[in-house]
Each structure stands twice: as structure tokens, then as C-alpha cells.
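Chemist: model the structure of this input:
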Amino acid sequence: MSNPILSIRNSVKRYGPVHALDHVDLDVAEGEFLTLLGPSGSGKTTLLTAIAGFTDLTEGNVSLRGRDITKEPPEHRDFGMVFQGYALFPTMTVRQNVGFPLKVRKRPASEINERVDECLELVQMGAYADRMPSQLSGGQQQRIALARALSFKPQVLLLDEPLSALDKKLRADLQWELKALHDQLGVTFIYVTHDQDEALSMSDRIVILKDGKIQQAGVPDMLYNKPRTRFVADFLGKSNFLNVKIKGRQGDHIECVAGDEAFPVDATGHAGTVKDSAEIALRPERIRLAEPGKELLTGTVKQVSYLGERCQVLLTHSVLGQILVSCPTWKSGIDPTPGLQLSFGWDTDACVILEAE
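Modeler: This next block holds a predicted model:
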């Protein structure tokens with residue numbers, strides 16, 4: 001990446017014997033919407049707070065446009081910050097909250113008023129300028145927190161799970177608004193979440209962390225379609241995992257065997273040889289269901305979960321074990337019920353061969 005706005009190099013954060021960050025290297029592009037994704041304890045919030053200056057690194061450095069800011073306090077980094085808990089001042093009005101960063105920077109009153117009006121319009125909260133935070137809903141408070149973070153035109157906006165306290169529908173609505181705001185302003189966003197759907201729907205690029213280390217980074221569709229390891233395939237979406245033996249290779253396809261079941265798998269770029277073991281990931285939505293005999297394999301329906309536009313079907317197979325299938329409910333032609341036998345199969349490029357962790 002040429003001329004990144006932010007560079008994190010060899011970043012380590014230790015708490016006694018525990019590595020919250022374990023030699024992390026990361027570049028962030030100008031104007032990028034970058035999401036740090038991972039389970040609790042993965043290091044994502046530690047990395048964000050190290051960027052913000054709230055956490056001192058044990059080793060490593062943080063650079064802004066090539067300038068080392070590792071030792072600079074948060075107030076000198078000029079980054080905007082939005083927290084999960086809003087962190088609004090309860091005794092200040094909305095207008096006073098949004099204008100507070102500008103007041104601290106001793107901007108003229110006329111400039112503060114003009115900028116506050118601009119930011120409130122950005123988040124569609126202009127009509128609420130004179131209300132107190134206690135008079136606002138959770139979603140409205142989060143909009144005000146966002147307006148406050150943007151008020152002084154930060155170079156980078158840091159967002160620490162800002163939507164996690166909201167209900168599902170409001171969270172989905174604000175995802176659209178946040179992404180639209182990012183596209184409109186062009187400010188660099190670094191966003192922390194453990195929500196896979198948030199990460200996939202909003203990000204230009206996702207960094208997946210586990211145990212303080214980056215497991216894989218890339219654009220959303222690449223990470224989803226080509227996970228490198230079982231952890232990434234399992235954390236970002238759902239997958240079936242099959243342990244197989246490689247029986248043979250023909251061009252970009254290998255013949256895989258699980259028990260006495262054989263099936264071809266696309267192996268472009270995979271260097272495995274005959275007799276090697278491998279683990280493959282198979283997304284539930286890439287599996288087809290059909291009447292018995294119409295696909296390669298046959299299983300028995302164990303459980304069905306209706307999810308509106310989709311149906312999740314858990315099959316049992318004598319060799320492969322349990323297989324999760326996700327299929328559309330609208331005019332699918334299949335009505336799976338527990339105990340029913342169905343055939344199932346997939347295309348050769350549906351599976352991904354995983355690296356050992």
C-alpha cells in the first residue's frame with residue numbers, strides 16, 4: 001500500500017504473560033473504511049485504543065502520514081472517537097455536546113455554531129439541537145456522538161462497537177447511514193465489531209484478529225469466499241468442515257475422498273499431492289437439495305429452522321456426519337421435514353481447501 005495514512009508496525013501489548021497484541025503490522029489507506037473483526041479477547045479493541053493513544057504499546061510504533069505518534073497523547077493525535085456507550089455529557093444540550101471539541105480547541109463562537117449545524121444535519125438531528133441526551137433514544141444519542149466526533153474534522157474516525165447496544169433493526173438502519181456518511185465525507189474510518197454482518201456490509205477491507213494476531217485481511221467478498229484457515233471460515237459466516245484424503249489430481253481439480261465418498265474440488269493454487277490429508281470448508285448456501293437420486297450424496301433431514309427468506313436444514317450423512325444446508329424458501333420445490341431422505345451436492349468450486357493453523 002503506497003502512502004498509507006496510518007501504519008502500525010511490530011505492535012505488541014503485554015499484560016503480564018498475556019499478549020493482547022502479538023507483533024501486529026497494519027497499514028490503513030487514506031479514506032478507507034477498515035473494520036477490525038474478531039471474538040472477545042482477540043485484540044481488536046486494544047489495537048484501536050493503541051491507535052487512539054489510550055493504550056501504551058509494550059513494543060512497536062504507530063505512524064500518521066509517516067510521522068511517529070506512538071508517544072503522543074490522544075488529544076494531540078486529533079482523531080475522532082465514537083464509543084459503544086455514547087459518552088455524551090448529560091448536563092449539556094445536544095448543541096453543546098457537539099460543539100464541545102471545538103470549544104476546547106478555542107474556535108470562535110460563530111465557527112462553532114456553523115459547524116455544529118452542519119454536523120447535526122449530516123446525522124439528520126438538526127431538530128434536536130436544544131434537547132438533553134436523556135430526552136433522546138439510543139439511536140439518536142449515537143447519532144449525536146457521531147456528530148461530535150466529526151465536528152472538528154478529524155483525519156481518522158475511530159469507532160468502538162458503536163452499534164452493539166442498539167436493537168437489530170435500528171442497528172441495520174444505522175449501518176446504511178454510517179456507510180453513506182463515510183462515502184460522503186471520505187474520512188478514514190477504523191471500526192471495531194464482533195458482528196460479521198456489520199463487517200461484511202460496511203467495510204472496504206476487513207482485518208480478522210485472534211489471540212492478538214491478524215489471521216487474514218482483505219476485501220469482504222475475498223475473505224468470505226476464500227478463507228485461509230478454519231478459524232476464518234468459521235468466524236466469518238457458517239461453514240461445514242470435511243476432513244478428506246486427496247486421491248488424485250487432474251488440472252485444477254483434485255479428487256477428494258471422505259470415507260467411501262469421492263467428489264472433485266477446485267484446487268487452483270493448492271499444492272497438495274496425492275495421499276495428503278486436507279480440510280475443506282463448504283458454505284451451507286452452496287449446497288443443493290434435491291429428491292433422492294438426483295444429486296451425488298443422500299442424507300436424512302434431522303432438523304429444520306425457518307428463517308423467513310431462507311431455511312436452514314441439518315442433514316445427517318453416514319460418512320460425512322452432520323451437514324448444514326441453507327436454501328431459499330420461495331418456490332424452492334423442496335419441503336424438508338425431519339426424517340425425510342434427500343439428496344444433496346455442490347459444484348466443484350464450492351469448496352475451499354484450508355491451510356493448517
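Chemist: which one's the longest helix in the chain?
Modeler: helix 168-185 (DSSP state H).
Chemist: what comes up buried for stretch 171-189?
Modeler: For stretch 171-189, a neighbour-count test (16 or more other C-beta atoms under 10 Å) marks 171, 174-175, 178-179, 181-182, 187-189 as buried. Glycine gets a C-beta too; all of them are placed from N, C-alpha and C.
Chemist: average pLDDT for that stretch?
Modeler: Averaged across stretch 171-189, the pLDDT comes to 92.
Chemist: next one: it to chain centre, how far?
Modeler: Between the centre of stretch 171-189 and the centre of its chain there are 15 Å (C-alpha atoms, centre = their mean, to the nearest Å).
Chemist: could you do stretch 315-329 as well?
Modeler: For stretch 315-329 - counting by C-alpha atoms, centre = their mean - the centre lies 26 Å from the chain centre.
Chemist: again with stretch 187-207
Modeler: That offset, for stretch 187-207, works out to 5 Å (C-alpha atoms, centre = their mean).
Chemist: kindly report the same for stretch 297-307.
Modeler: For stretch 297-307, the distance to the chain centre is 29 Å (C-alpha atoms, centre = their mean).
Chemist: after the host helix or strand of Ser110 comes which helix or strand?
Modeler: Assessed by DSSP states H and E, Ser110 sits inside helix 109-122. Downstream of helix 109-122, the first helix or strand assigned by DSSP H and E is helix 138-150.
Chemist: contacts for the longest helix of the chain?
Modeler: Residues outside helix 168-185 that contact it (C-beta atoms under 8 Å, 6 or more residues apart in numbering) are 33, 122-124, 138-139, 142-143, 146, 150, 159, 163-164, 166, 189, 195, 198, 201-202.
Chemist: so, low pLDDT: which residues of this protein?
Modeler: Residues of the chain meeting the criterion pLDDT under 70: 268-275.
Chemist: torsion angles phi and psi at Glu261?
Modeler: Note on Glu261: backbone dihedrals following degrees, to the nearest 10 are phi -100, psi 130.
Chemist: stretch 247-261: end-to-end distance?
Modeler: End-to-end span of stretch 247-261 (C-alpha to C-alpha, to the nearest Å): 11 Å.
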